[in-house]
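Participant: My questions are about this predicted structure, shown below with the sequence.
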Amino acid sequence: MTVVAYPGPAGSHTGAAAATLHPRAQLQAVAGFRAVADAVTHADAAHGVLPIESSLVGAVNETHDLLHEGSISIVAEAVLPIRHCLLARDEIALDEIRIVRSHPSALEQCRRLLDRLPNAVAVPAATTADAARETAESADPTAVAIAGVEAAALYGLVTLRDDVGDGPAFTRFVSVAPYTWLGAGRDDARTAFSFVTDHRPGALHAAIAPFAVAGLDLVRLVSRPLPATPFSYRFDAVVAGHPLDPKVRQALAELAEVTSSRRIVGVYEGAEQ
């Protein structure tokens with residue numbers, strides 16, 4: 001049976017996404033985001049599933065960086081609604097809470113709740129499920145977690161508040177593999193790529209102009225720092241189209257002419273919004 005890795009433990013939103021993207025696979029929870037990339041790279045798993053974008057807080061930087069650093073590529077995506085809950089071992093008043101654990105992205109999505117907890121300190125966890133597990137195992141009655149309803153049931157936690165996100169939230173999850181897949185249908189294809197521009201006026205405009213001239217939809221553009229070169233950045237982008245389509249192929253060729261580096265990091269069918 002095909003093995004699919006996701007950042008565990010069980011009960012995370014990404015685990016639910018993995019089941020959606022790979023319903024017949026054997027799902028394997030691993031230690032974190034990088035462990036997912038390593039499992040795929042070392043052939044311990046056929047695919048990995050990671051969150052890449054939140055409708056409330058934008059890009060999931062760790063996933064973008066792993067795609068840039070490693071030899072993995074996006075082959076599929078799914079968009080899932082996200083419902084965050086405030087969980088505790090036992091009932092507790094909000095003003096008695098001292099520690100709130102969750103993944104940094106989830107903490108960002110629940111700012112209004114955190115503002116209502118002036119006596120609490122936010123503590124990042126590897127995943128929302130890790131936050132729930134650590135809270136369940138903690139001897140501190142003032143510690144709580146922000147996680148999903150599945151984690152509450154799995155770790156025997158009490159739901160203090162339901163649906164505590166700042167607004168309706170959706171997360172885009174991607175399935176990654178150690179190869180680039182070209183089998184996406186031409187009408188629904190998305191091509192993810194990364195590029196670095198030179199330091200000169202208008203460099204970014206020159207890089208993305210070919211897509212506009214060709215009438216292509218650049219559906220995502222994210223900047224990320226290059227650690228080896230202080231205050232320099234790369235750009236991660238997604239264009240609606242297949243890299244073998246003439247317009248996309250030409251735009252990518254023109255991009256290569258005006259950038260210092262360029263790399264395709266995924267071809268896949270876009271998920272319905």
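Facilitator: Great, that's in hand. Source: prediction; values computed, not measured.

Participant: Would you confirm that Arg263 contacts Thr191?
Facilitator: No. Counting by CB atoms under 8 Å, Arg263 stays clear of Thr191, with 11.5 Å between them. C-beta: built from backbone N, CA, C; applies to glycine.

Participant: ok, those two, which is more surrounded?
Facilitator: A count of neighbours by other CB atoms under 10 Å puts Thr191 above the other of Arg263 and Thr191, at 26 against 14.

Participant: residue contacts, that one?
Facilitator: 238-239, 241-243, 248, 252, 264, 266-267 (CB atoms under 8 Å, 6 or more residues apart in numbering).

Participant: any chance of those residues in a markdown table, plus distance to Met1 and pLDDT?
Facilitator: Output for those, formatted as a markdown table (distance: CB to CB, whole Å; pLDDT from 0 to 100):
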| residue | distance to Met1 | pLDDT |
| --- | --- | --- |
| Val238 | 31 | 98 |
| Val239 | 35 | 98 |
| Gly241 | 34 | 97 |
| His242 | 30 | 97 |
| Pro243 | 31 | 97 |
| Val248 | 35 | 98 |
| Leu252 | 37 | 98 |
| Ile264 | 29 | 96 |
| Gly266 | 24 | 97 |
| Val267 | 25 | 98 |
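
Participant: Please tell me which one of these counts the most neighbours.
Facilitator: Going by other CB under 10 Å, Gly241 tops the contacts of Thr191 with 28 neighbours.

Participant: distance of that residue from Asp166?
Facilitator: 33 Å (CB to CB, to the nearest Å).

Participant: Ala45 now?
Facilitator: On the measure of CB to CB, Ala45 and Asp166 end up 33 Å apart.

Participant: neighbour count winner among these two?
Facilitator: The neighbour comparison of Ala45 against Asp166 (other CB under 10 Å) goes to Ala45, with 26 against 15.

Participant: quick check: domain ranges of this structure?
Facilitator: 3-80+172-177, 85-169, 189-269 (automatic domain parsing).

Participant: List the contacts of the helix or strand hosting Leu66.
Facilitator: Leu66 belongs to helix 61-69 when elements are defined using DSSP states H and E. For helix 61-69, the external contacting residues (CB under 8 Å, 6+ apart) are 33-34, 36-37, 50-52, 72-74, 174, 176, 192, 194, 222, 224, 234, 236, 263, 265-266.

Participant: Show me those that map onto strands.
Facilitator: With DSSP state E as the criterion, strands contain 50-52, 73-74, 174, 176, 192, 194, 222, 224, 234, 236, 263, 265-266 from among the contacts of helix 61-69.

Participant: Quick check, Cys85 in contact with Asp162.
Facilitator: Yes. Contact status for Cys85 versus Asp162: in contact at 5.3 Å, counting by CB under 8 Å.

Participant: doesn't Thr127 make contact with Pro104?
Facilitator: No. With contact defined as CB under 8 Å, Pro104 does not reach Thr127; the gap is 10.4 Å.
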